[in-house]
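Novice: okay, here's the prediction I keep looking at, along with the sequence it came from:
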Amino acid sequence: MNVISSFRALADNSEVAANQLRAKESWNKCFQRIILFGAKEPKLESFQTEFIDAGDFPKIQMLVLAASLCDSLTCIINADIVVAPYLVPILQQITNKGGQCATSRRYEFDSRMPDYDKAKVVDNGIDFFCAYPDLWKKVLSEIPKTYRIGHCQWDSWLLGFFNTVASNSFYDITKARVIFHPLHKARKRVHEIPNINDKFTVNSMFPRLKF
């Protein structure tokens with residue numbers, strides 16, 4: 001199983017660096033292949049990690065293209081998301097049921113004293129999507145070119161897309177408690193993303209199929 005993300009330079013902010021390093025450590029234990037968009041960063045290296053040099057806040061389209069070229073189930077995740085060690089078995093159970101794609105709300109934890117057992121869902125933020133390459137190819141043909149990692153709207157659009165094209169195989173795995181997000185203050189959004197209303201955005205809701 002693969003994971004794709006884009007990260008901020010570790011030297012940019014100490015809080016951001018700590019959150020990304022914590023997340024990456026969890027990915028190293030779960031994924032066979034890790035693709036990171038950004039300049040090579042020694043502290044994020046591992047035997048299964050490859051870097052694709054890209055500017056700050058690359059377009060979601062670039063991440064989706066990479067996902068569409070993979071050969072197995074592939075996740076797109078924000079760089080500070082900690083994944084539970086049992087994420088892959090959960091996704092395998094979903095695919096055994098015929099699932100083709102999945103998402104999850106995030107459980108927020110205190111980054112100063114991480115305790116994942118006490119983490120709670122506090123909003124509708126979505127930092128995780130998983131799908132097979134054929135579905136990512138369909139996403140690639142439709143996703144607005146203006147969407148960028150680290151900015152709003154793309155996650156809601158993806159919800160709508162999967163609900164529209166794969167509603168009978170799109171799973172919400174929130175109850176499995178596999179996606180964890182650190183409470184943080186450091187945010188950096190430098191691009192203006194125009195509002196888009198299309199046949200996918202109007203269908204933006206969590207999947208009806210629950211794990």
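Specialist: Alright, I've got the coordinates. Numbering: from 1, shown residues only.
Novice: any idea how far Arg208 lies from Asn163?
Specialist: 8 Å (Cβ to Cβ, to the nearest Å). Quick note: C-beta positions are derived from backbone N, CA and C, even for glycine.
Novice: those two: which is more packed in?
Specialist: A side-by-side neighbour count of Arg208 and Asn163, using other Cβ atoms under 10 Å, places Asn163 first with 20 against 11.
Novice: contacts only, for that one.
Specialist: Neighbouring residues of Asn163 by Cβ atoms under 8 Å, 6 or more residues apart in numbering: Phe170, Asn203, Ser204, Met205, Pro207.
Novice: what's the answer for Gly160, then?
Specialist: Taking Cβ under 8 Å, 6+ apart, one finds Lys199, Phe200, Thr201, Val202, Asn203, Ser204, Met205 in contact with Gly160.
Novice: ok, the residues you listed vs Phe51, which is closest?
Specialist: Phe200 (30.5 Å; Cβ to Cβ).
Novice: pLDDT score for the residue nearest to that closest one when sequence neighbours are not counted?
Specialist: Distance criterion Cβ to Cβ, 6 or more residues apart in numbering; nearest residue to Phe200, sequence neighbours excluded, is Gly160 at 3.7 Å. Looking at Gly160, its pLDDT reads 96.
Novice: where's Tyr171 relative to Ser14, distance?
Specialist: 36 Å.
Novice: tell me which of those two has more neighbours.
Specialist: Tyr171 (27 against 10).
Novice: now the more buried one. Its backbone dihedrals?
Specialist: phi -110, psi 140 (degrees, to the nearest 10).
Novice: name all residues that make contact with it.
Specialist: So Tyr171 contacts Ile94, Lys97, Gly99, Cys101, Ala102, Thr103, Pro207, Leu209, Lys210, Phe211 (Cβ under 8 Å, 6+ apart).
Novice: and the fourth one, how many neighbours?
Specialist: Translated: Cys101. Neighbour tally, Cys101, other Cβ under 10 Å: 24.
Novice: can you tell me how far it sits from Lys138?
Specialist: Distance from Cys101 to Lys138, by Cβ to Cβ: 10 Å.
Novice: for the residue nearest the centre of the chain, name its beta-bridge partners.
Specialist: The residue lying closest to the centre of the chain (Cα atoms, centre = their mean) is Ile77, at 1.9 Å. Note on Ile77: beta-bridge partners Phe128, judged by DSSP bridges.
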